[in-house]
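Enquirer: sequence first, predicted model second:
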Amino acid sequence: MYPNKEQTKKLEFALDTCRQAYNMMLGELNNQIIIDRNMIQAMLPDLKICEPRFREVYSKTLQYECYKLFSNLSALKVLKGNHKKVGRLRFKGKGWFKTINYNQSGFSLENNKLHLSKIGNIKIKVHRDVNGNIKQIQIKKGIDRWYAIIITDEKKQIFCGNRIIGIDLGINNYLVDSKGNKTENPKILEQNLSKLKHLNKELSRKKKGSNNRKKARKRLSKLHLKITNQRTDFLHKITTNLVKECKTIVMEDLNIKQMSQQKYFNAKNRVDASWGKFTQLLNFKAESAGCQIVKVNPRNTSKTCSQCGRIQDMPLYKRTYECAECGFVIDRDYNSAINILNKLAGQELSGVEKSTSVPLEQVGSMKQEALSLEVG
């Protein structure tokens, strides 16, 4: 969105007023012995009488804050039910509140102009066609820009393919499948690391509370946003292609958090790889397309020969699997992907010619067994 100065002021005012309404309703919630949602929502008319500023914001946006509050409360309840350690809902500080929601009414979109009630007609660049009826518009404040997220009732269908593959996640090769196809890891953090270090050093040298420090912090935030966007774009593309090509995808059931906490196992590159987000996006898209995601035990997938089934030690520095039993030679990650698929089938499906060795391509992914955390 491209609001003018007056519209920007109104957006900032609406954002801060919604934040205050959320905090007041949270304060009332904390004071209740028995939670009464209707009583909390009934606060809004009283706030408009006592505080004139609440009358200057569209009523639906304030009502949505009550919905948001109880949605957050439900999310905490689910986490507690899953035996996660959670605290209480927190009050929102000025820099921690980013969105205004126009639900059902108070908006219209025509001729590259977005009309928002109590704010006006804002210039907007719509980067793709809006299909279906608009049900909700979420206004989001970025680092130095405003965005509109448009939610419609269109039902988009993705169709899955026919392939059945096993996939092995790594670092240099982000993904290797049981057909031998490899996807290189862009290593986005590594690409931006020198600039990130420079901006962090620049920020640390600025006087706290000064305008120069605010400018330095904004430059650093923009770079972090760029890294996040690049990583998300890569993950969306790779997961969409997998779902479009496959009807069954077999992968390891990795404990990513545990792996990242181990010493000497390249935790920085693992976190940069975002295997957790990759899995989340893949599951979401597969469910929509009717594609099946199967997770198998990752134990010994790198140590087992996909040809004869013999298990041997495979330190991380060994990127080639050379079987001492049958003499089979294969890339380590390719071997793992075949074993992952074999675990689904319950039988040896080597996926390569048994009479010949697979042409070897040396790679350097720092992949480690999730459950076998020994080196050597």
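Expert: Thanks, I have it.
Enquirer: going along the chain, name the helices of the stretch 251-376 of the chain.
Expert: Using DSSP state H, counting those that start in this stretch, the helices of the stretch 251-376 of the chain run over residues 256-260, 267-273, 275-289, 332-345.
Enquirer: any idea of the mean pLDDT in the shortest one?
Expert: Same thing as helix 256-260. When pLDDT is averaged over helix 256-260, the result is 75.
Enquirer: start the count at 34 instead of 1 going forward.
Expert: That works, and once the first residue is 34, the last one we named lands at helix 289-293.
Enquirer: for it, which residues meet the burial criterion?
Expert: Of the residues in helix 289-293, those scored as buried under the neighbour-count criterion (16 or more other C-beta atoms under 10 Å) are 289, 292. To be clear about C-beta, it is placed using only N, CA and C from the backbone, and glycine gets the same treatment.
Enquirer: what about that helix, distance to the chain center?
Expert: Averaging C-alpha coordinates over helix 289-293 and over its chain gives two centres that are 17 Å apart (C-alpha atoms, centre = their mean, to the nearest Å).
Enquirer: how much space between residue 206 and residue 370?
Expert: Summarising the geometry, the distance separating residue 206 from residue 370, computed by C-beta to C-beta, to the nearest Å, is 10 Å.
Enquirer: between those two, tell me which one has more neighbours.
Expert: residue 370 (31 against 23; other C-beta atoms under 10 Å).
Enquirer: contacting residues for the more buried one?
Expert: By C-beta atoms under 8 Å, 6 or more residues apart in numbering, the residues touching residue 370 are 198, 199, 200, 201, 209, 210, 211.
Enquirer: nearest to residue 366, of these?
Expert: For residue 366, the closest of those turns out to be residue 209, at 4.1 Å, with distances computed as C-beta to C-beta.
Enquirer: my read: the closest one touches residue 369, true?
Expert: Yes - counting by C-beta atoms under 8 Å, a contact exists between residue 209 and residue 369, whose distance comes to 7.4 Å.
Enquirer: which residues do these two both contact?
Expert: Counting by C-beta under 8 Å, 6+ apart, the residues touching both residue 209 and residue 369 are residue 201.
Enquirer: who's more crowded, the two?
Expert: Set residue 209 next to residue 369 and count neighbours by other C-beta under 10 Å: residue 369 wins out with 30 against 27.
Enquirer: which elements pack onto the helix or strand of the chain with the lowest mean pLDDT?
Expert: Ranked by mean pLDDT, DSSP states H and E, the weakest helix or strand in the chain is helix 289-293, scoring a mean of 75. The helices and strands touching helix 289-293, judged by 3 or more C-beta pairs under 8 Å, 6 or more residues apart in numbering; DSSP states H and E, are helix 300-306.
Enquirer: for the helix it packs on, buried residues please.
Expert: Using 16+ other C-beta under 10 Å as the burial criterion, the residues of helix 300-306 that qualify are 302, 303, 305, 306.
Enquirer: can you check stretch 240-251 too?
Expert: Along stretch 240-251, these residues count as buried under the neighbour rule (16+ other C-beta under 10 Å): 246, 249.
Enquirer: check stretch 66-85 too.
Expert: Going by 16+ other C-beta under 10 Å, stretch 66-85 has these buried residues: 73, 74, 76, 77, 80, 81.
Enquirer: what's the answer for stretch 222-234, then?
Expert: Counting neighbours by 16+ other C-beta under 10 Å, one finds that the buried residues in stretch 222-234 are 222, 225, 232.
Enquirer: relative to residue 252, how far out is the closest residue to the second one other than its chain neighbours?
Expert: Closest residue in space to residue 225, ignoring its immediate chain neighbours: residue 260 at 5.5 Å, by C-beta to C-beta, 6 or more residues apart in numbering. Computed with C-beta to C-beta, the distance linking residue 260 and residue 252 is 13 Å.
Enquirer: the more surrounded of those two?
Expert: Neighbours per residue (other C-beta under 10 Å) separate residue 260 from residue 252, with residue 260 holding more: 18 against 15.
Enquirer: the helix or strand hosting the more buried one - contacts with which helices or strands?
Expert: Using DSSP states H and E, residue 260 maps to helix 244-278. Helix 244-278 is packed against helix 221-237, helix 308-322, with contacts defined by 3+ C-beta pairs under 8 Å, 6+ apart.
Enquirer: now those helices in TSV, with mean pLDDT and distance to residue 265?
Expert: As requested, the helices and strands packed on helix 244-278 are arranged in TSV below (pLDDT from 0 to 100; distance: least, C-beta to C-beta, whole Å):
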stretch	mean pLDDT	distance to residue 265
helix 221-237	94	10
helix 308-322	92	8
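Enquirer: so who does the closest residue to residue 264 other than its chain neighbours touch?
Expert: Nearest-residue entry for residue 264: residue 221, 5.1 Å, with adjacent residues in sequence omitted and distances by C-beta to C-beta, 6+ apart. For residue 221, the contact set (C-beta under 8 Å, 6+ apart) comprises 260, 263, 264, 267, 305.
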